[in-house]
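[1] Give me a 3D structure for the following:
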Amino acid sequence: MDYNSQIFKRRYKSLILITTIPILSFYFIFMIFPILESLYYSLFDWSGFTAEMEFKGLGNYLELSSDNLFLQTVWNSFKYVGLGSVVILGITLLFTYAITNYKSRKLKDFVQMILFVPNTISPVALALLWSFVLNTRWGLLNSILKGLGLGFLARGWMGEDYIFGAALSLLVWIHVGFFIVIYLAAAARIPDSLYESAKIDGATSWKQFVKITIPLITDIIETSLVLWTIFSFKIFGYLYVFSTGGAGSDAPPAIRNISVQLFLTSFGKRTPINRLAYGSAMAIVLLIMLALLVYIIRKLFKAEVIEY
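    Next up, the predicted model:
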C-alpha cells in the first residue's frame, strides 16, 4: 500500500474524523457543557429549585472573597495538598525502596496487594472505620496506648485541635497504596544493567535508589503530585462521612475541602441552604485553582526526558 497516495490520505483523514467526533461530542456534553452551565448559573442568585433567577453578575464571586467559611475550606484544601504531598511522597518512596529490594516476587505482590486494599473498599466504610479507631473515649488507638502504659499520649483525636490531622491520616492511609503500585511499576521498567553497573562501582542499595531509581521515575513523581492535587480538592465521600458527617450532622468546618463545602452550600446541609448558584461559583473557583496548581507542578518538573 502506498502510504503517500491521495486515496490513503483521504481514507486516513476520514477514519480520524469518524473516530474523533463521537469522543469530542461526549467530552463536550459531559465536561464542557456542564462547566459552561455552572459558569452561567454562578452569575445569578438562584436556589436551584425555583424558576426565579436574579442576575448578580460577579456578586457571588465577590461574596466568596469575604466568606470566612469558604476561605477556611480553601485553606484546608491547600493544606491537604501540601502536607499530604510531603507525607505520601515520603512514605511511598520508602516503601518503594523496601519492596524493590525484596528477593521474592510473591512477597512483593502480597505486600502490594495489602497496601492497595483500602482503594477497593467503600469510602463510607473506610471513613466510619477510621472514626471508630480514633474515637476519643473507646477508640482502638487510645485503647492500645493505654494498654501499653502510654496513656499520656492519648488525645481527643476527633476534637477540634486534632481532627484535621486525623482526616489527613485517613487520606494518607487510603492513597499511599495506590501510589506505591504506580511507583513500583515505574521502577520495574528500569533496566537491570544500570543497577549492575552501580553494584560493580560499589554503590549501596540506598545509593542506587537515590541516584538511579528516583531520577528515572521523576515523570511518575510529577504525575502522582498532579493526581494527589486533584484528589485533595475533589475528595468528598471520605471527608463528608468522617467524624459526625455520617451521623446526620454536617462535616466539621475544620476538615472540609471546597468540594464538601460546595455540596453543603448547594443542597446537602442538614438545614438546607439551597444556594446552587453560589455553589456553582465555588465550582468555578475550584476549577481555576486546580488548573493553576497543575500548571505550576508541570512547570516545576519541566525537564529533559531521560531515555534508557
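[2] For burial, what's the neighbour tally of the nearest residue to E222 once chain neighbours are set aside?
    Nearest residue to E222, sequence neighbours excluded (Cβ to Cβ, 6 or more residues apart in numbering): F301, at 4.0 Å. C-beta here means a position set from N, CA and C on the backbone, and glycine is covered the same way. For F301, the neighbour count with other Cβ atoms under 10 Å is 14.
[3] any idea how far F301 is from I230?
    Counting by Cβ to Cβ, to the nearest Å, the gap from F301 to I230 is 16 Å.
[4] Any buried residues in stretch 136-150, and which?
    139, 141-142, 145 (16 or more other Cβ atoms under 10 Å).
[5] And S77, what's its pLDDT?
    In this model, S77 is scored at 95, pLDDT.
[6] Does it lie in a helix or a strand, and which?
    Element membership for S77, per DSSP states H and E: helix 68-100.
[7] Run the chain-centre distance for that helix.
    9 Å (Cα atoms, centre = their mean, to the nearest Å).
[8] Okay, angle between the following helix or strand past that helix and helix 68-100 too, please.
    Using DSSP H and E, the next helix or strand after helix 68-100 towards the C-terminus is helix 105-116. Here the directions of helix 105-116 and helix 68-100 differ by 170 degrees (axes from the mean of the first three to the mean of the last three Cα atoms, to 10 degrees).
[9] could you say what helices and strands helix 105-116 packs with?
    Secondary-structure packing of helix 105-116 (3 or more Cβ pairs under 8 Å, 6 or more residues apart in numbering; DSSP states H and E): helix 68-100, helix 163-188.
[10] Going by neighbour count, which residues in the last one are buried?
    Same thing as helix 163-188. 163-164, 166-184, 186-187.
[11] likewise stretch 86-95?
    Quick answer for stretch 86-95 (16+ other Cβ under 10 Å): 88-89, 91-93, 95.
[12] pLDDT below threshold where in this structure?
    1-9, 244-249, 269-272, 303-308 (pLDDT under 70).
[13] neighbours around A203, how many?
    16.
[14] Quick one: classify it as helix, strand or coil.
    Assigned by DSSP: H, G, I helix; E, B strand; the rest coil, the conformation of A203 is coil.
[15] What's the local residue count around V74?
    20.
[16] sorry, that was for L128
    L128: 16 surrounding residues under other Cβ under 10 Å.
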